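Chemist: Just the structure for this:
(2 chains)
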Amino acid sequence: MVLRENLKKFLFPKFDAHFAMRAIVVAAVSFIIFYFFLTPIRLRGKSMEPTLKDGSIHFLCKICFMFKEPKRGDIVGIKLAGRKVILLKRVVGVEGEKVEFREGKLFIEGKEVYEPYIKGESDWNYEGKVVEKGKLFVVGDNRSVPIESHDFGEVSKKRIVGKMIW
Amino acid sequence: MVNKKNILIVLGLLFIAFLIFFYPTEKRKIKKLLKNTAEWAQKSKDDTALAVAVKSKRSKNFFADKVLLKIEKRDLEREVALEDIERGYLFLMSSNDYFKVKITDIDIEKIEDFSAEAVATVLIEAKGGTLEEFSNVNEVSFGFTKKEEGWRINKIEIKEVLEK
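Modeler: Numbering: from 1, shown residues only, chains lettered A, B, ... in the order given. I've put the predicted structure just below:
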């Protein structure tokens, strides 16, 4: 009986000052969490397929890189002019490393890197570049597309807005 | 009983809110110009060739007589005349069944009496027709000049965020 009463109170609360205060606090906390710490994003495009599907929803951790640097394998959000539209790419090289593609395979410092997230055939050939200081080398997971039509390359660390965690 | 003084206060606050949120400042005019330009550069399958031709003539509402076009990725820098913009517009619209431009995250970086600069994210999507399906997102820097009729775009610079 008591449980029923409590459930009723929970589902149909009285619209009094306490309720308003609780609603304001919940809204404010949600805003702070989802705006500053864990931003939901909807993916558009096929550059991260098959790992991330066009139209799927993910969360970007904005504080994950506050105390540590992005590392190879991380999927990161890259800021363009603002924060409404961001690019999602995978870090494959960090500063000082030479990044190459030979017949679709990734080579770092001349050694082949195993990438379990890559599915499908790729014929990419990219002669290589040493990643400059303060930059990262990012690529999408969809390497089945021609290399000319895929946006990848070095990006300033200042543009990294977070790490995709889910 | 509603107090007249309270009504005046509410009206005053509404007026201030209107000024804050809707007054057409120069910044808002520039943002509106970019939004209108994006709207102008759209095409759906239902748009007839005649409608596209008529729309192409409206390019002077958005662009200055000469527009400096810069594409960092291709090391391209050239001045484009208004007539070339019209021609390019006609080509793009007749080659695609569907064309969409969205300009978002507009940030006015500098504004003076007769010139301004802004940076924005531009999404372009094209499909159908004779050209290959295309979808791209870029950071674009815009330059503006103020004419008698209002602000006009006089520079478009496509930034290279990812350097190959």
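Chemist: Where do the strands of the chain begin and end?
Modeler: All of this is about chain A. A:38-42, A:57-61, A:75-79, A:86-93, A:98-102, A:105-108, A:111-112, A:126-130, A:135-139, A:153-156, A:160-164 (DSSP state E).
Chemist: My question was about chain B, not that one.
Modeler: Taking DSSP E as the test, the strands found in chain B are B:63-71, B:76-81, B:98-111, B:115-127, B:134-147, B:150-158.
Chemist: for those, which one sits closest to residue A:101?
Modeler: Ranking those by proximity to residue A:101 (C-beta to C-beta) places strand B:134-147 first, at 21.2 Å. All C-beta atoms are positioned from the backbone trio N, CA, C, and that covers glycine.
Chemist: buried residues in that closest one?
Modeler: B:137-146 (16 or more other C-beta atoms under 10 Å in any protein chain shown).
Chemist: Can I get the strands of chain B in a markdown table including mean pLDDT and distance to residue A:16?
Modeler: Putting the strands of chain B into a markdown table (pLDDT from 0 to 100; distance: least, C-beta to C-beta, whole Å) gives the following:
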| stretch | mean pLDDT | distance to residue A:16 |
| --- | --- | --- |
| strand B:63-71 | 94 | 58 |
| strand B:76-81 | 93 | 64 |
| strand B:98-111 | 94 | 41 |
| strand B:115-127 | 94 | 44 |
| strand B:134-147 | 92 | 48 |
| strand B:150-158 | 95 | 51 |
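Chemist: Out of those, flag the one nearest chain A.
Modeler: strand B:98-111 (2.5 Å; C-beta to the nearest C-beta).
Chemist: what about the closest one and chain A, any contact?
Modeler: Yes. Strand B:98-111 reaches chain A (C-beta under 8 Å from any C-beta of the partner chain) through B:104-107.
Chemist: How about residue A:126: which residues does it bridge to?
Modeler: residue A:101 (DSSP bridges).
Chemist: one step back: now render the strands of chain B as TSV, adding distance to residue A:87.
Modeler: Formatted as TSV, those follow (distance: least, C-beta to C-beta, whole Å):
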stretch	distance to residue A:87
strand B:63-71	18
strand B:76-81	22
strand B:98-111	13
strand B:115-127	10
strand B:134-147	7
strand B:150-158	15
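Chemist: Point out the one among the ones you listed that comes closest to residue A:11.
Modeler: strand B:98-111 (39.1 Å).
Chemist: orientation of that closest one relative to strand B:134-147 in degrees?
Modeler: Here strand B:98-111 runs at an angle of 40 degrees relative to strand B:134-147 (axes from the mean of the first three to the mean of the last three C-alpha atoms, to 10 degrees).
Chemist: Residues in contact with strand B:98-111: which ones?
Modeler: For strand B:98-111, contacts defined as C-beta atoms under 8 Å, 6 or more residues apart in numbering or on different chains pick out A:80-85, B:26-27, B:30-31, B:34-35, B:37-38, B:41-45, B:92-93, B:116-129.
Chemist: hmm, which of those residues are the buried ones?
Modeler: Among the contacts of strand B:98-111, those scoring as buried are A:80-81, A:85, B:26, B:30-31, B:34, B:37-38, B:41, B:43, B:92-93, B:116-126, B:129 (criterion: 16+ other C-beta under 10 Å).
Chemist: picking that back up, tell me the one of the buried residues of strand B:134-147 nearest residue A:68?
Modeler: residue B:139 (26.7 Å).
Chemist: ok, now which ones touch the closest residue to chain B within chain A?
Modeler: Nearest residue of chain A to chain B (C-beta to the nearest C-beta) works out as residue A:82 at 2.5 Å. Taking C-beta under 8 Å, 6+ apart as the criterion, residue A:82 is in contact with B:104-107, B:120-121.
Chemist: Name all residues that make contact with residue A:101.
Modeler: The contact partners of residue A:101, by C-beta under 8 Å, 6+ apart, come to A:107, A:122, A:124-126, A:147.
Chemist: at contact distance from chain A, anything in stretch B:150-164?
Modeler: Yes. On the criterion C-beta under 8 Å from any C-beta, stretch B:150-164 is in touch with chain A at B:161-164.
Chemist: CA atoms only: put that stretch into PDB for me.
Modeler: The C-alpha coordinates for stretch B:150-164 follow below in PDB (Å, rounded to 0.1, in the frame of the first residue of the first chain):
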ATOM      1  CA  GLY B 150      24.000  45.800 -47.800                       C
ATOM      2  CA  TRP B 151      26.700  43.200 -47.100                       C
ATOM      3  CA  ARG B 152      28.100  41.100 -49.900                       C
ATOM      4  CA  ILE B 153      30.600  38.200 -49.800                       C
ATOM      5  CA  ASN B 154      33.900  39.100 -51.400                       C
ATOM      6  CA  LYS B 155      36.200  36.300 -50.200                       C
ATOM      7  CA  ILE B 156      35.700  32.500 -49.700                       C
ATOM      8  CA  GLU B 157      38.700  30.600 -48.300                       C
ATOM      9  CA  ILE B 158      38.400  26.900 -47.700                       C
ATOM     10  CA  LYS B 159      40.700  26.000 -44.800                       C
ATOM     11  CA  GLU B 160      42.700  22.800 -44.600                       C
ATOM     12  CA  VAL B 161      42.000  21.300 -41.200                       C
ATOM     13  CA  LEU B 162      43.600  17.900 -42.000                       C
ATOM     14  CA  GLU B 163      46.900  18.300 -43.900                       C
ATOM     15  CA  LYS B 164      47.800  15.400 -46.100                       C
END
